[in-house]
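Engineer: Pasting a predicted model and its sequence here:
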Amino acid sequence: GQNIDQPTEMTATEGAIVQINCTYQTSGFNGLFWYQQHAGEAPTFLSYNVLDGLEEKGRFSSFLSRSKGYSYLLLKELQMKDSASYLCAVRPQGAGNTPLVFGKGTRLSVIA
Amino acid sequence: DAEITQSPRHKITETGRQVTLACHQTWNHNNMFWYRQDLGHGLRLIHYSYGVHDTNKGEVSDGYSVSRSNTEDLPLTLESAASSQTSVYFCASSEGSPPGELFFGEGSRLTVL
């Protein structure tokens, strides 16, 4: 079975740094993805990790430890527009484009 | 610009009626997916397709069907709508690299009364 856990809600202050954690237990592993979803909108792709380590993309970074089944999304210099849900998704091991399995998402509120 | 569009964006129907949600993509992607999103559950996979005439069941496929007659379209049909199928439905497509990057449609909000 697949199990992906992330906190339901987080609050952080504008200009600060926030870390959103994701732990997973899946049947094999073939990549971890982070998506951003603003209220009432579609999810949009943020990052992808398949090897251990940190991937940096501007204000956003994503980290992966396969041995621990753990990832985090790091958002720096928070802006009000970063208020959104952040979805962690894992691709289990399988042939070809195995569908992604999503966590329930973390709703981040950025306050002044 | 290439895009993925869903229709209708909002629909209200009655229990027992057949409903079809359309999904059309111009990315020329082979892979297309239907997810539903509900509070407390996140995105759950309903059906998916890896190409024309290919369809596969996802985690929550009961009560839903899809068909893939061309590359661009993957309509989702609810044969007999139930109140438990009130949800927001997202269609998505993907191709190649980076693997798994899904491009989502804007969503269809379905209410079954």
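Structural biologist: Right, received. Where do you want to start?

Engineer: from here on, contacts and neighbour counts on C-alpha atoms
Structural biologist: Noted.

Engineer: hey, which strand is longest across chain B?
Structural biologist: In chain B, with assignment by DSSP state E, the single longest strand is strand B:42-51.

Engineer: So the helix or strand just after it, near chain A or not?
Structural biologist: Using DSSP states H and E, the helix or strand that follows strand B:42-51 in sequence is strand B:54-57. No - Strand B:54-57 stays clear of chain A (CA under 8 Å from any CA of the partner chain), getting no nearer than 10.4 Å.

Engineer: Quick one: list the elements packing against the helix or strand following strand B:54-57.
Structural biologist: On the C-terminal side of strand B:54-57, the nearest following helix or strand under DSSP H and E is strand B:64-66. When contacts are defined as 3 or more CA pairs under 8 Å, 6 or more residues apart in numbering or on different chains; DSSP states H and E, strand B:64-66 packs onto strand B:42-51, strand B:76-78.

Engineer: So which of the ones you listed is nearest chain A?
Structural biologist: Nearest to chain A among the helices and strands packed on strand B:64-66 is strand B:42-51 (4.0 Å), distances taken as CA to the nearest CA.

Engineer: chain center to that closest one: distance?
Structural biologist: 7 Å (CA atoms, centre = their mean, to the nearest Å).

Engineer: same for that strand, what does it pack against?
Structural biologist: For strand B:42-51, the packing partners by 3+ CA pairs under 8 Å, 6+ apart come out as strand A:101-102, strand B:31-38, strand B:54-57, strand B:64-66.

Engineer: Contacts for that strand, please.
Structural biologist: A:99, A:101-105, B:30-37, B:55-61, B:64-66, B:68, B:71 (CA atoms under 8 Å, 6 or more residues apart in numbering or on different chains).

Engineer: For PyMOL, write the select line for the buried members of those.
Structural biologist: Remark: buried members of these, expressed as a PyMOL selection using 16 or more other CA atoms under 10 Å in any protein chain shown:
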select buried, (chain A and resi 99+101+102+103+104+105) or (chain B and resi 30+31+32+33+34+35+36+37+55+58+61+64+65+66+68+71)
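
Engineer: so who does residue 21 touch?
Structural biologist: Let's take chain A. A:Gln6, A:Pro7, A:Tyr70, A:Ser71, A:Tyr72, A:Leu73.

Engineer: please go with chain B instead
Structural biologist: B:Leu21 makes contact with B:Gln6, B:Ser7, B:Pro8, B:Pro75, B:Leu76, B:Thr77, B:Ser108, according to CA under 8 Å, 6+ apart.

Engineer: of these, buried ones?
Structural biologist: Among those, those classed as buried by 16+ other CA under 10 Å are B:Gln6, B:Ser7, B:Pro75, B:Leu76, B:Thr77, B:Ser108.

Engineer: And the residues you listed, which is closest to A:Ala42?
Structural biologist: Distance ranking of those against A:Ala42, using CA to CA, places B:Ser108 first at 10.2 Å.

Engineer: rewinding a little: can I get the helices and strands packed on strand B:42-51 in a markdown table with distance to B:Glu95 and mean pLDDT?
Structural biologist: Listed next are those as a markdown table, based on distance: least, CA to CA, whole Å; pLDDT from 0 to 100:
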| stretch | distance to B:Glu95 | mean pLDDT |
| --- | --- | --- |
| strand A:101-102 | 17 | 93 |
| strand B:31-38 | 6 | 96 |
| strand B:54-57 | 15 | 94 |
| strand B:64-66 | 19 | 98 |
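
Engineer: B:Phe90: which of those strands is closest?
Structural biologist: Of all the helices and strands packed on strand B:42-51, strand B:31-38 comes closest under CA to CA, at 5.1 Å.

Engineer: Could you tell me which residues of chain A lie near chain B?
Structural biologist: Checking chain A against chain B by CA under 8 Å from any CA, the hits are A:33, A:41-45, A:48, A:91, A:97, A:99-105.
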